[in-house]
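Enquirer: structure here, sequence nowhere to be found:
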Ligand code: OGA
Ligand code: ZN
Ligand code: ZN
């Protein structure tokens with residue numbers, strides 16, 4: 001049986017599950033941390049059972065005589081020293097990092113009809129976005145605005161200044177190089193937005209042009225390689241905020257963020273990389289030199305052929321990917337040819353929620 005002596009009193013009391021402390025209808029906490037007595041202490045502990053007969057411990061608190069009942073299983077899973085706490089699902093620890101050869105046996109993909117009708121297929125596809133950073137849906141109806149319906153199968157569309165969706169096709173007066181036939185090197189989208197859209201969808205309606213093949217690079221993997229090969233460069237890219245900006249007639253956006261975002265434990269959590277929209281850094285000369293050396297190192301890694309997964313979108317394909325992890329690219333294409341994608345942004349918390357609920361429903365069956 002686990003001991004309660006190691007449990008910090010404020011932590012233990014903050015997790016009291018009683019109906020005075022948590023609303024039984026929704027589990028939400030009913031008190032403020034400042035409501036707890038400053039001299040809070042465990043007065044007594046008794047072995048007991050929960051209402052449904054499971055082993056539990058009752059804690060009597062001083063000085064307010066409050067009583068808390070903790071199931072033994074909850075204590076075993078949560079007390080300090082219990083097996084490691086799960087991560088938040090967003091850092092390198094919760095991902096499968098990859099190089100292109102990981103997909104020699106095929107891409108993570110799902111057929112649209114199966115995806116929409118079979119919860120297991122849907123769960124596997126969404127899991128692939130969280131774990132590998134992407135999934136390719138095949139056989140999606142080739143219909144105007146269909147990309148929005150795809151986003152709504154797992155979450156909410158993030159509308160931006162580009163609209164609910166954006167058209168990726170050659171335009172006469174493009175406000176973005178994406179809307180020309182130019183090659184686009186690996187990048188994340190909209191690094192000038194805060195918060196950045198965490199998911200991107202690209203739905204292929206037509207791809208009859210010469211060229212215009214797609215590429216994906218695992219930015220977490222590239223950042224981990226940089227950390228191993230050049231720790232100083234890595235450190236620089238986690239620390240120096242880069243000024244990203246976008247402006248056209250109606251819009252002016254900016255966000256200052258490092259190219260490699262890490263969590264408080266130092267784990268890779270977010271990549272921003274876009275040569276088209278990085279602005280002018282304003283720093284002392286020696287720090288500019290260090291930044292540019294590191295930026296070039298990282299840029300070299302991101303262009304390594306073995307890291308880039310190459311494929312071609314065909315009409316009816318819809319690529320869904322983590323825009324905070326994967327970089328996407330396309331080869332140049334002949335502007336005389338017909339190529340039209342519709343893109344949209346959405347967010348990964350909604351996708352993770354949809355997957356969690358799907359799994360809950362499956363395990364309840
Ligand atoms: C974009 C983009 C890729 C493509 O629109 O942001 O990267 O395949 N497009 O055209
Ligand atoms: Zn309580
Ligand atoms: Zn893009």
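Expert: Yep, that arrived. Just so it is clear, the structure is predicted and the values come from calculations on it, not from any experiment. Numbers count the residues shown, from 1 in each chain. Ligands and ions are numbered 1, 2, ... in the order given.

Enquirer: can you tell me the helix or strand for the closest residue to residue 358 other than its chain neighbours?
Expert: Distances taken as Cβ to Cβ, 6 or more residues apart in numbering place residue 123 nearest to residue 358, at 4.7 Å, with adjacent residues excluded. Placement of C-beta: from N, CA and C, glycine included. Here residue 123, judged by DSSP states H and E, is contained in helix 119-131.

Enquirer: what's the burial count for the residue nearest to residue 358?
Expert: Using other Cβ atoms under 10 Å, residue 123 has 19 other residues around it.

Enquirer: give me the below-cutoff pLDDT ranges for the chain.
Expert: Residues of the chain that meet the criterion pLDDT under 70 lie in 1-2.

Enquirer: between the two ends of stretch 140-155, how far is it?
Expert: 17 Å (Cα to Cα, to the nearest Å).

Enquirer: also stretch 257-267?
Expert: 16 Å.

Enquirer: distance between that stretch and the chain's centre?
Expert: Distance of stretch 257-267 from its chain centroid, counting by Cα atoms, centre = their mean, to the nearest Å, is 13 Å.

Enquirer: check which element follows the helix holding residue 123 along the chain.
Expert: Remark: after helix 119-131, the chain's next helix or strand is strand 134-138, criterion DSSP H and E.

Enquirer: any residue of that following strand touching ligand 1?
Expert: No. On the criterion Cβ under 6 Å from any ligand atom, strand 134-138 is out of touch with ligand 1, staying 13.0 Å away.

Enquirer: which SSE is immediately downstream of that strand?
Expert: helix 146-152.

Enquirer: beyond that next one, next helix or strand please.
Expert: Of the helices and strands lying after helix 146-152 in sequence (DSSP H and E), the nearest is strand 157-158.

Enquirer: could you list every helix and strand in contact with that following strand?
Expert: Strand 157-158 sits against strand 339-346, with contacts defined as 3 or more Cβ pairs under 8 Å, 6 or more residues apart in numbering; DSSP states H and E.

Enquirer: list the buried ones in the strand it packs on?
Expert: Within strand 339-346, the residues scored as buried using 16 or more other Cβ atoms under 10 Å are 339, 340, 341, 342, 343, 344, 345, 346.

Enquirer: could you do stretch 92-104 as well?
Expert: 92, 95, 97, 98, 99, 100.

Enquirer: swap in stretch 62-72?
Expert: Buried-residue list, stretch 62-72, by 16+ other Cβ under 10 Å: 66, 68, 69, 70, 71, 72.

Enquirer: just the residues you listed: which are in strands?
Expert: The members of the buried residues of stretch 62-72 that map onto strands under DSSP state E are 68, 69, 70, 71.

Enquirer: endpoint to endpoint, stretch 343-354 covers what distance?
Expert: Note: stretch 343-354 ends 21 Å apart using Cα to Cα.

Enquirer: before we move on, what about stretch 82-102?
Expert: Termini of stretch 82-102 sit 34 Å apart (Cα to Cα).

Enquirer: the stretch 1-150 of the chain: strands as residue ranges?
Expert: With strands called from DSSP state E, counting those that start in this stretch, the stretch 1-150 of the chain shows them at 41-49, 55-62, 67-71, 109-111, 134-138.

Enquirer: possible to save the ones you listed as TSV with distance to residue 192?
Expert: TSV is the format used below for the strands of the stretch 1-150 of the chain (distance: least, Cβ to Cβ, whole Å):
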stretch	distance to residue 192
strand 41-49	51
strand 55-62	51
strand 67-71	48
strand 109-111	31
strand 134-138	22
